[in-house]
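Participant: Here is a sequence with its predicted model. Questions after.
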Amino acid sequence: MAALRRVATLVAQGASPAETFSAVAAEVGQLFGGDVAAVFRYAPDREATLVGGWSIPGIAVPIGSRFDVTGTGVGVRVLDTQRPARMERFEGPPGSMAAFFVELRHLTRSRRADHCGGPAVGRLGHRLYRSGSAARRK
């Protein structure tokens, strides 16, 4: 409940979308003990934009980056089903969301990471969003 209150306070104060979505990512990442967490906005053309992110020190989260939603991974499953998902395997071509998470695996503390989907999939207007811990220690 405290996390929701902190994010709601940011919104009430007029925080930018990037700041708000990054706060959501931080709350999710810390709640699940992650090294990296992100919020993605999905587009009908099978692209996702990283609209907010959080990480432990030393890992850059490229807010604003766009990724193809192809390959194997949570992004594909969420876009196809429009429901929360959890996966421990992800692979895809360069430029894909799955390839981004493969790269993150090499940057996490333990150098072994899982990509876990949602805890939340939601809509804002006609856009599909997903927040979730992107990579976590094993």
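Facilitator: Thanks, I have the structure now. Numbers count the residues shown, from 1 in each chain.

Participant: tell me the strands in this protein, going along the chain?
Facilitator: Using DSSP state E, the strands assigned to the chain run over residues 34-43, 47-55, 66-68, 113-114, 120-124, 127-137.

Participant: ok, of the ones you listed, where does mean pLDDT dip lowest?
Facilitator: Note on the strands of the chain: strand 113-114 shows the lowest mean pLDDT, a mean of 50.

Participant: low pLDDT regions in this protein?
Facilitator: Applying pLDDT under 70 to the chain flags the ranges 105-138.

Participant: State which helix of it is the longest.
Facilitator: If you go by DSSP state H, the chain has its longest helix at helix 17-31.

Participant: Beta-bridge partners for the spatially most central residue of the chain, please?
Facilitator: Within the chain, one residue has its C-alpha closest to the average C-alpha position: by CA atoms, centre = their mean, that is residue 38, at 2.7 Å. Beta-bridge partners for residue 38, by DSSP bridges, are residue 53, residue 132.
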